[in-house]
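**Student:** what follows is a predicted structure for the sequence shown.
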Amino acid sequence: MKANVILLAVTTAFLMASCGVGNKELLVKNDSNEFSGALRDYLELVDGSYSISDAGYDVIMTAKFKVLKPIEEGTAFNSIRAEVLDEGGMPIPGANTFVIAKDGWTKTESENAKIDNALTDGEGEVSVQFKYDTYSTGGGSLGDKDFMKSAKKKAYSFRIISSEIEKETSEQTAASQSESTNYSTESAATSSSAGDKSWDALLVSYEKYIDQYITLFKKANAGDISAMSEYPSMMAKANDLQEKLINASDDMSIAQMNKFTKLQTKMLNAIGEMSTDLDAGLDDMTDALDDIEW
């Protein structure tokens, strides 16, 4: 269940931020629903607030696409690029783009099958993750850390600036069909299973962690210095929970999957609310520092 560790990594980073270790997550909204490029008739952005986070190995931006119609047989998407904008609707100076792509240094293999399957089905919505692309020639000058510093102050929204499709070769078509079959088989096996009983205890632990996390953040945000003494314990719990999620079986019942999804939503909603409070506090701190005559 390695994919499910991503949310925990984001929340751990946010916990570090709330205790003064550094803010590694922020929220942006889509500037519009429209796609630029070859996929404009096939996909559009779903309105919402999406996260940009430093996952340690990559800077990740989440998004959700709505599928408008199926893509033609023998055709597949190749890449989708997005740029982050400031409040005035202008690109952040020096920033690179975010990408989902099948080629190049910044490949997004885990996302490609999801988009291919969605475009083949021709309906529904699909949640995806863009990677910050520091490898493109002619791109911006900001690396991951510098981008996050700049985005923390300036990022407001994002838009899709390009999308490309390609004609599949016979080998690519076979590979795509194989991936789609494997994906469908795994999903069917998961949803029809009675589920691994160990997930019941893991979900209870996850819910307790979320509740404790929210309580700790509120204490830290209220200026309660006792929150700092609880921080090591919470980090230990986060690391333990992360290890269990990595090693957890993929065998989940429908009820377990629904419970896990609800817990993810609970955590993401909490992060969204807390992000506003944390940003306001950090802005006040920045303003106060600016007023000091050094």
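**Tutor:** Now that the structure is in, tell me what you want to look at.
**Student:** could you verify that T134 is part of a strand?
**Tutor:** No: applying DSSP: H, G, I helix; E, B strand; the rest coil, one finds T134 to be coil, outside a strand.
**Student:** you'd agree it is up against A95?
**Tutor:** No: the pair T134 and A95 fails to qualify as a contact (Cβ atoms under 8 Å) at a distance of 10.2 Å. For every residue, glycine as well, the C-beta is placed using N, CA and C.
**Student:** of the two, who's got more company?
**Tutor:** A95 (22 against 18; other Cβ atoms under 10 Å).
**Student:** quick check: Y135 touching T106?
**Tutor:** Yes: taking Cβ under 8 Å as the definition, Y135 is a contact partner of T106 at 5.6 Å.
**Student:** compare these two (neighbour count), which wins?
**Tutor:** Higher neighbour count among Y135 and T106: T106, with 20 against 12, using other Cβ under 10 Å.
**Student:** so which residue is dead centre in the protein?
**Tutor:** T62 (3.6 Å; Cα atoms, centre = their mean).
**Student:** list the contacts of that residue.
**Tutor:** Taking Cβ atoms under 8 Å, 6 or more residues apart in numbering as the contact definition, T62 lies against 50-51, 127-130.
**Student:** repeat that for 7 Å
**Tutor:** 50-51, 127, 129 (Cβ atoms under 7 Å, 6 or more residues apart in numbering).
**Student:** where do the helices of the stretch 51-200 of the chain begin and end?
**Tutor:** 109-121, 144-154, 170-192, 198-221 (DSSP state H, counting those that start in this stretch).
**Student:** which of these has the lowest mean pLDDT?
**Tutor:** Note on the helices of the stretch 51-200 of the chain: lowest mean pLDDT is at helix 170-192, with a mean of 50.
**Student:** from L245, how far off is V204?
**Tutor:** 14 Å (Cβ to Cβ, to the nearest Å).
**Student:** more neighbours: which of the two?
**Tutor:** The neighbour count for V204 versus L245, taken as other Cβ under 10 Å, is higher for L245 (21 against 11).
**Student:** what bits of this structure have low per-residue confidence?
**Tutor:** 1-24, 56, 136-139, 168-195, 221-222, 269-294 (pLDDT under 70).
**Student:** which residue ranges of it form strands?
**Tutor:** With strands called from DSSP state E, the chain shows them at 25-30, 43-45, 49-54, 59-67, 75-85, 98-101, 125-132, 157-167.
**Student:** D133: how many residues sit nearby?
**Tutor:** For D133, using other Cβ under 10 Å, the count is 23.
**Student:** so what's it up against?
**Tutor:** Per Cβ under 7 Å, 6+ apart, neighbours of D133: 96-99, 106, 139.
**Student:** cheers, nothing more for now.
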